[in-house]
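Q: let's see this in three dimensions:
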Amino acid sequence: MHLNKKASSAKRLIIFILITTIFLIVISTSFIKDTNPVYIRDTNPTCLTLLMITPTISVLLTKIITKETLKDSILLPNIKKNKKNYALSYLIIPLIAYSGAVIFFILFPHTFNPLLSKFASQYHLYTIKEYLKSIFFIIPACLLINPLGGLLSCFGEEYAWRGYLLTNLCNIFSKKTSIILTGLIWGLWHAPIIYTGYNYGTDQKFLGILMMIIFCSTMNIILSYSLFKTKTIWIPVVIHASINGIDKYTPVYMFGSRFIKYNYFIGPNLVGLIGGSGLIVLAILFYVKIKNKSLIKFNSKKGV
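A: Now for the predicted structure:
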């Protein structure tokens, strides 16, 4: 019975990864040009949103092919049991994320100059008073409003990577091994986007892909732990949306001098080693707390 469960999960994963890869290739060819890379966040956000939804579409197609039930216990929000966890996910995680930027600006104080930031330039802010008045509205928007707009697209990723890939891997390997594998696969899935210059620029594209794998592996630990702890996919969705909510107002954009060339592999944005140090520390703490059992019990599935 145990061997049959492993074989079934392996078959599902092969089909799921194949379908996801096909979607990735088809959509990626619409925005990758070797001689003229584009930043799809700014030039084609619809394409990026569509790409984020395709993993869950791949799950649904896989379930149809393998005759699995579409019902899944982790789709229940379990709000009553997780009120505190929702609040922490929505507010505390983004603050932890910004802690890395604080460390970066302390280590490199010459880069911190809000009045010379792209944000100040775009909104014609020439005094500290004008600047503070503006961020008084912007920061709450980043934390409270922006995540709401990203819930659907983040669900498109979370239900697939954590809710399906991770849980099926847990039927084959230990939890900790499954988390490592999920992080690597999730990071590699971002490779075409990173190749266009997203997050790290176009100077060192393959180093950017490696850094994205590190970032995704870090975030995957946090998201996976939250799934194991709360038994609902909606906590990882909220965390993902909250992190993405500050993506349009990055530390560089808000606080860094626009006349300095930043090494995004280091920071101050979340995807850098120092910029993301708060998330790295949290991921290490969560990884240590995960109990290394081979099977995940709360997400049983039927099918071949």
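Q: please enumerate the helices of the stretch 101-250 of the chain.
A: 118-122, 128-140, 146-149, 151-160, 167-169, 175-189, 191-195, 205-230, 234-245 (DSSP state H, counting those that start in this stretch).
Q: put together a markdown table for those, with mean pLDDT and mean neighbour count on each row.
A: Placement of C-beta: from N, CA and C, glycine included. As requested, these are exported to a markdown table (pLDDT from 0 to 100; neighbours: other CB atoms under 10 Å):
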| stretch | mean pLDDT | mean neighbour count |
| --- | --- | --- |
| helix 118-122 | 93 | 17 |
| helix 128-140 | 88 | 13 |
| helix 146-149 | 82 | 18 |
| helix 151-160 | 95 | 22 |
| helix 167-169 | 95 | 23 |
| helix 175-189 | 97 | 20 |
| helix 191-195 | 90 | 21 |
| helix 205-230 | 96 | 21 |
| helix 234-245 | 93 | 25 |
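Q: and Val271, which of those is closest to it?
A: Between Val271 and those, the shortest separation by CB to CB is 5.1 Å, and it involves helix 205-230.
Q: okay, the helices of the stretch 101-250 of the chain in CSV with distance to Lys83 next?
A: Below are those laid out as CSV (distance: least, CB to CB, whole Å):
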stretch, distance to Lys83
helix 118-122, 34
helix 128-140, 21
helix 146-149, 17
helix 151-160, 18
helix 167-169, 24
helix 175-189, 25
helix 191-195, 35
helix 205-230, 11
helix 234-245, 11
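Q: for Ser30, find the nearest of those.
A: helix 191-195 (10.2 Å).
Q: next one: that closest one to chain centre, how far?
A: 14 Å (CA atoms, centre = their mean, to the nearest Å).
Q: packing partners of that helix?
A: helix 2-28, helix 205-230 (3 or more CB pairs under 8 Å, 6 or more residues apart in numbering; DSSP states H and E).
Q: ok, which of the ones you listed comes nearest Gly163?
A: Closest among the helices and strands packed on helix 191-195, using CB to CB: helix 205-230, at 7.3 Å.
Q: what helices or strands is that closest one leaning on?
A: Going by 3+ CB pairs under 8 Å, 6+ apart, helix 205-230 lies up against helix 83-87, helix 175-189, helix 191-195, helix 234-245, helix 277-289.
Q: and the angle from it to helix 151-160?
A: 80 degrees (axes from the mean of the first three to the mean of the last three CA atoms, to 10 degrees).
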